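Colleague: Have a look; sequence and predicted model below, questions after that.
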2 protein chains.
Amino acid sequence: MPLSFQLTATDGHARAGLLTTPHGVVETPCYMPVGTQATVKAVSSEDVRACGGRMILANTYHLMLRPGADLIEKAGGLHRFMHWDGPILTDSGGFQVFSLAGLRDLSEEGVAFKSHLDGSPWKLTPEIAVQIQHKLGVDVLMVLDECIPYPSEEDYVRNSVDRTTRWAERCLAEHRKAGREGTQALFGIVQGGRFAELRERSARQLLTLDFPGYAIGGVSVGEPKPEIYRVVEITTPFLPVEKPRYLMGVGTPEDLWDCVERGIDLFDCVLPTRVARNGTALTSGGKVNLKNSKCQEDFSPLDPRCSCECCRNYTKSYLRHLVLSEELLVLRLLSLHNLRFMSDTAAKIRQSVLEGRFGEAKRAFFRDYFPDKPPAP
Amino acid sequence: MPLSFQLTATDGHARAGLLTTPHGVVETPCYMPVGTQATVKAVSSEDVRACGGRMILANTYHLMLRPGADLIEKAGGLHRFMHWDGPILTDSGGFQVFSLAGLRDLSEEGVAFKSHLDGSPWKLTPEIAVQIQHKLGVDVLMVLDECIPYPSEEDYVRNSVDRTTRWAERCLAEHRKAGREGTQALFGIVQGGRFAELRERSARQLLTLDFPGYAIGGVSVGEPKPEIYRVVEITTPFLPVEKPRYLMGVGTPEDLWDCVERGIDLFDCVLPTRVARNGTALTSGGKVNLKNSKCQEDFSPLDPRCSCECCRNYTKSYLRHLVLSEELLVLRLLSLHNLRFMSDTAAKIRQSVLEGRFGEAKRAFFRDYFPDKPPAP
């Protein structure tokens, strides 16, 4: 099998594990930096590694449109193309088709859509989604799923869940037919919207297909945060203990604590790199907005507890100058820092699980991270 | 003295030397990367160092407006502010006032202008220009000079030359008064437009002030390239052999060869980093425009002879994908490469002077760098 998961320790529902992939072992919980277009925005693959990134996410939808799966296959696969030697997981493209592409035509066969780049017509079926991810050569591929709007009505969601299961079956059949079961791992995606009964229905259906890992999808689509946590709580009881659990599109620092607490192992989120490009740093003392005039004569690093290149070398005063001057350098420096902060946070959570003091560690983190507004206990 | 220059070897007019500054020794000829706003665009100070950069240029005009000289002084000077431990030279601001600022009011006293950022009123006199550069704490500061348009009439240029000399005297007086002669070096700037007689007049006047180094100013202002080379030829004979010569604002790879050949030691130019941000790489085989479809399936590095981070890790195909996808990473990677190419070129020129084979080395470089259109011999 290309992928195995070993559960090392638990503390309540919180888990610490080891995910073994063809491109190395990943300690979980793990935050995966997002490399949508085969690059984590503003940083190099070497930078991601230096910031503690161990496994990254890329997007089937974006890469099929540009530069195209065939080109990446010719380059020797996505790892060689982007010079990243760690594990890569690709989203199947379903989420992006439903959020970015225009003029969708959804049927049992799959989804036809127009590219957000040039309006050209494309098709994504379960088979095509899997074929593309085979060409990319990623470690973990995701089944094609239907991503429904939030909120959606129960009948609509039930039909969508059943279709997503039929698509998952077709993905698995295509994966087996291509003989890739020994080299790449295909994960299932639990859907079901906000309905406990439908989340259970989706999970039970997918479990019969025995995927090596399961994702929770259809979250982080505009719903309030407690709703995400509730969906995690109603879904994880139906997921097998011995397999990795991936919460798609979720991953602020506080989300990591809140969702590991509810049994999640893997995260991805654009927020840490996106807010960096907007001049905001995530630090052990909370968020720092460099546009704040408090930073003007602050000659200390962003985060005295951080060992990243930005914190080792530059002051808040200088970073603020770069933000105000719209200098490119600051986009990279803040991205480096936020990536480091995310991997440090994941490592801190893992350590607390291993030592059986998750609750205490979480309280300490929240106290420091929300100095002005402690969250409800 | 804060600065000394040792001429190590010559080959014709071409020179190889060692420039000793408070922040280390620089081998000449030297290309100085341009850090206009206290950052070389798209790269960090660590990156500049890794690409062979040894001495950088920053701009008094930009830094006085933002973040302000007082703030940089509070930060411990420009070196600490931007975390660059090598030598820094600052332009006095004259050129930028005449090229960027609005509504100038020029008098014997100095120049009043409106900021290009917010229209606020500012004044730059010889004394203020020197005071600001003292606060920045740079290794080499430049006198305030009047930068005249190209072409200008002879009478106008003659008056301007004489005023530039009077301003140079005031800069030197301010520099001495502040007791900075022992810690920072002030360079004179030879003006005189396209007139041999006036270039000689300017040089002879400035030589009586005995500056530790001389720049040639008023070039690279829109004139054709042979005109730049002619101005260098008519000026260098009047510059002292034992002092460094800096050609302001000039420095493509071919300029380095052509102007070292005419006796120049120091260069600065935004072109290598500017074209990088436009998707163009300078390589030993000539310029490479990554938008060119030839790069699409080219899985080789930009320049097989280059050891920079970009060439070690990434292919032309990937870089082209990043350019077409407008991904930030490529701005840094191409800047890294072009900076490396500039420092490699300067090192190659130096080596050829040391070995007495400048002419041969120049011909070999041009043959490779202009593969389609060899320049006239």
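Modeller: Now that the structure is in, tell me what you want to look at. Numbers count the residues shown, from 1 in each chain, chains lettered A, B, ... in the order given.
Colleague: which stretches of the stretch 151-300 of chain A form helices?
Modeller: With helices called from DSSP state H, counting those that start in this stretch, the stretch 151-300 of chain A shows them at A:154-177, A:196-207, A:225-235, A:253-260, A:271-276.
Colleague: now those helices as JSON lines including mean neighbour count and distance to B:Arg15?
Modeller: (C-beta placed from N, C-alpha, C; glycine too.) Shown next, in JSON lines, are the helices of the stretch 151-300 of chain A (neighbours: other Cβ atoms under 10 Å in any protein chain shown; distance: least, Cβ to Cβ, whole Å):
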{"stretch": "helix A:154-177", "mean neighbour count": "19", "distance to B:Arg15": "67"}
{"stretch": "helix A:196-207", "mean neighbour count": "20", "distance to B:Arg15": "74"}
{"stretch": "helix A:225-235", "mean neighbour count": "18", "distance to B:Arg15": "66"}
{"stretch": "helix A:253-260", "mean neighbour count": "24", "distance to B:Arg15": "56"}
{"stretch": "helix A:271-276", "mean neighbour count": "21", "distance to B:Arg15": "45"}
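Colleague: Residues of the stretch 51-200 of chain A that sit close to chain B?
Modeller: Residues of the stretch 51-200 of chain A lying near chain B by Cβ under 8 Å from any Cβ of the partner chain: A:Arg66, A:Pro67, A:Leu71, A:Lys74, A:Ala75, A:Gly76, A:Phe81, A:Met82, A:His83.
Colleague: isn't the fourth one right up against B:Asp298?
Modeller: Translated: A:Lys74. No. Applying Cβ atoms under 8 Å as the test, A:Lys74 and B:Asp298 come out as separate, 10.9 Å apart.
Colleague: Most neighbours of all the residues of the stretch 51-200 of chain A next to chain B, which one?
Modeller: The residue in those with the most neighbours, by other Cβ atoms under 10 Å in any protein chain shown, is A:Met82 (29 neighbours).
Colleague: Now that residue: closest residue in space, sequence neighbours ignored.
Modeller: A:Ala38 (4.5 Å; Cβ to Cβ, 6 or more residues apart in numbering or on different chains).
Colleague: contacting residues for the one you found?
Modeller: A:Ala58, A:Leu63, A:Pro67, A:Ile72, A:Leu78, A:Phe81, A:Met82, B:Tyr318, B:His321 (Cβ atoms under 8 Å, 6 or more residues apart in numbering or on different chains).
Colleague: tell me the contacts of the closest residue to the fifth one other than its chain neighbours?
Modeller: In other words, A:Leu78. Leaving aside its chain neighbours, A:Leu78 sits nearest to A:Leu136 (4.4 Å; criterion: Cβ to Cβ, 6+ apart). Taking Cβ under 8 Å, 6+ apart, we find A:Leu136 in contact with A:Ala58, A:Thr60, A:Leu63, A:Ala69, A:Ile72, A:Glu73, A:Gly77, A:Leu78, A:Ile88, A:Thr90.
Colleague: Burial check on the residue of the stretch 101-250 of chain A found nearest chain B, number of neighbours?
Modeller: Closest residue of the stretch 101-250 of chain A to chain B, Cβ to the nearest Cβ: A:Leu117 (9.3 Å). Neighbour count for A:Leu117, taken as other Cβ under 10 Å: 13.
Colleague: any idea how far stretch A:241-252 is from the chain center?
Modeller: Remark: stretch A:241-252 is offset 8 Å from the chain centroid, using Cα atoms, centre = their mean, to the nearest Å.
Colleague: Give me the contacts around that stretch.
Modeller: Outside stretch A:241-252, the residues that reach it (Cβ under 8 Å, 6+ apart) are A:5, A:7, A:17, A:19, A:28, A:31-32, A:89, A:91, A:95, A:187, A:189, A:211-217, A:219-221, A:228, A:232, A:236, A:239, A:259, A:263-269, A:271-272, A:342.
Colleague: change it to 6 Å
Modeller: Stretch A:241-252 has contacts (Cβ atoms under 6 Å, 6 or more residues apart in numbering or on different chains) with A:5, A:19, A:31, A:213-217, A:220, A:239, A:259, A:264-269, A:271.
Colleague: Just to be sure, which of these are found in strands?
Modeller: In this view, these that belong to strands under DSSP state E are A:Phe5, A:Leu19, A:Tyr31, A:Tyr214, A:Ala215, A:Ile216, A:Leu266, A:Phe267, A:Asp268.
Colleague: Could you single out the nearest of these to B:Asp162?
Modeller: Of all these, A:Tyr31 has the smallest distance to B:Asp162: 65.5 Å, by Cβ to Cβ.
Colleague: Residue ranges of each domain in chain A, please.
Modeller: Following automatic domain parsing, one gets these domains for chain A: A:4-269, A:276-369.
Colleague: Kindly export stretch A:175-194 (C-alpha atoms) in CSV.
Modeller: Taking C-alpha atoms only, stretch A:175-194 is exported to CSV below (Å, rounded to 0.1, in the frame of the first residue of the first chain):
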residue,chain,number,x,y,z
HIS,A,175,-7.9,4.0,-9.8
ARG,A,176,-7.9,0.2,-9.7
LYS,A,177,-8.2,-0.2,-13.4
ALA,A,178,-5.1,2.0,-13.8
GLY,A,179,-3.2,-0.2,-11.4
ARG,A,180,-2.3,2.7,-9.2
GLU,A,181,-3.5,1.3,-5.9
GLY,A,182,0.1,0.3,-5.1
THR,A,183,1.6,3.7,-5.8
GLN,A,184,-1.0,6.4,-5.0
ALA,A,185,-3.6,6.6,-2.3
LEU,A,186,-7.2,7.6,-3.0
PHE,A,187,-9.2,9.3,-0.2
GLY,A,188,-13.0,9.4,0.1
ILE,A,189,-14.9,12.6,1.0
VAL,A,190,-17.8,12.6,3.4
GLN,A,191,-20.5,15.0,2.5
GLY,A,192,-23.9,15.6,4.0
GLY,A,193,-24.1,19.3,4.7
ARG,A,194,-25.3,20.2,8.1
